[in-house]
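K.L.:
using only what follows, build the 3D model:
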Amino acid sequence: MQACSEIVIPTEVARAPYVAPYVPPHVPGEPYPRGYRAQLDPVAARRLKELHVTQFWRPAGRALATHATAFTLMLAFCWLATINLALALLLALPAGVLMAREMRVLELLVHNASHRNWTRNKPLNDIASALLCGLPMASSIEAYWESHRIHHHEFGSTKDPDRAGFEFLGPLDLADKRATVKWLVRYAIQYYLAIGASPKFLAASLAWHCLVYILPLSLIAGPALALGAWAALWLFPMLTFLSALRAIAEREEHDYELGTTEFTATFTNIARAHRILFHPWNDHYHLLHHLYAGIPQFNHVEAHALLMAHDPEYRKCRARIAILGAPVPAEDVPGLGRGLGRGLGRGLGRGQMPPRADQPAAEHEARPMPHDRPRKPQTPDRPVRAPFLVHTGGRAQQPDLPTLDAPPLFDQPERG
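P.N.:
Sure, this is the predicted structure:
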């Protein structure tokens, strides 16, 4: 990676006037226009670029935590089954919901790895994510990327696999139980075909499970209990609970009929059930992901709060506050904007919350940041180094600050 030059950013920056983005008319069948143009001052733009920096230990550690949770639950099932098999099977239902949520995290880590947001080092990113997430979830990183990149580049067009898939499945009516079950079965089959779950890859995934879960459990509790625990706490939740969680979660991320741009047809899902069950690990900030795909998910909270505080265009986004509910303006949702990120305000002044872009400086009162570490205040003679380089076509370029344009859709080279 090329060394980036030092960019001196003054402490006091005059806010640029708000400029409404030009939105070209949408041509039916063609990709939706972006419909968004960032309105950031230089200091906020610099901080947003810093949030693109990856930290490999975060996604890798989260995947290992999921596998540790799964192995512990399976071991507990084996122990309880030796005492009371009926009770073990009964408790396997809530434990299966928990495991489906953890497997949902693994799927999101596969998605994160497809954007190379584990690390910009391609071999390390692909090998580590395949071993920790791809193989256990029967998901090929390369096959997932081939489908997912079309969703981003051809959003809303006839080539968009997400739109085509949901149009083929038809509407989801949770009130009709029989139709819902049929819809989920068809959705699960379509999903695994899309992510490259070929017989060869399924066999590799099964071998991974035998080596990591079934064999160690067999040495501890015996083959019969090991197979039973794995089937009850991995295979069954994966085929049932996980499919339902994923189907509802992906259904909520877009509505191609409610908008004619990528910005207006993509939503944030902020209900408590969204954050805990359907969209764990900050996946509920889906609009943010589409606008800044190179920001790792562990930085989504801070990035969203930063944009809500400093970008009047981003504050026009919409959010769902109920499962499959109608989107509402994000500014009308209490707590969705300011104060969500623990790190919000880093680099913008020690111990202060940044003012809103439309708020006069005289009216802004400093708010304490209890979770923020003490940092050196910025001074006019202290240069600020922007560590993130925008990658385009394999060449590293240092963007000029200030910038009013959003970074490119993909902040890393095309996968080879």
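
K.L.:
quick one, strands of the stretch 151-300 of the chain?
P.N.:
Counting by DSSP state E, counting those that start in this stretch, residue ranges of the strands within the stretch 151-300 of the chain are 268-269.

K.L.:
so which residue is dead centre in the chain?
P.N.:
To find the centre residue of the chain, average its C-alpha atoms and take the closest one (C-alpha atoms, centre = their mean): that gives residue 283, at 3.7 Å.

K.L.:
residues in contact with the closest residue to residue 197 other than its chain neighbours?
P.N.:
Nearest-residue entry for residue 197: residue 138, 4.9 Å, with adjacent residues in sequence omitted and distances by C-beta to C-beta, 6 or more residues apart in numbering. (Each C-beta comes from the backbone N, C-alpha and C, glycine too.) Residues touching residue 138, when contacts are defined by C-beta atoms under 8 Å, 6 or more residues apart in numbering, comprise 192, 195, 197, 201, 202, 205.

K.L.:
rerun at 6 Å
P.N.:
By C-beta atoms under 6 Å, 6 or more residues apart in numbering, the contact set of residue 138 is 197, 202, 205.

K.L.:
among these, which ones are buried?
P.N.:
Listed as buried from the contacts of residue 138 are 197, 205; burial here means 16 or more other C-beta atoms under 10 Å.

K.L.:
can you list the contacts of residue 138 in a markdown table and add distance to residue 226 and pLDDT?
P.N.:
As requested, those are arranged in a markdown table below (distance: C-beta to C-beta, whole Å; pLDDT from 0 to 100):
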| residue | distance to residue 226 | pLDDT |
| --- | --- | --- |
| 197 | 24 | 71 |
| 202 | 20 | 88 |
| 205 | 17 | 94 |
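
K.L.:
in this structure residue 287 contacts residue 270, no?
P.N.:
No. Between residue 287 and residue 270 there is no contact, the gap being 11.1 Å when judged by C-beta atoms under 6 Å.

K.L.:
look at the two and report which has more neighbours.
P.N.:
With neighbours defined as other C-beta atoms under 10 Å, residue 287 and residue 270 compare such that residue 287 has more, 26 against 21.

K.L.:
which one of the contacts of residue 138 is nearest to residue 85?
P.N.:
Sorting the contacts of residue 138 by how near they are to residue 85, with C-beta to C-beta, puts residue 205 at the top with 27.8 Å.

K.L.:
pull the number of nearby residues for the residue lying closest to residue 298 once chain neighbours are set aside.
P.N.:
With sequence-adjacent residues excluded and distances taken as C-beta to C-beta, 6+ apart, residue 298 is closest to residue 58, at 4.9 Å. Taking other C-beta under 10 Å as the neighbour definition, residue 58 ends up with a count of 18.
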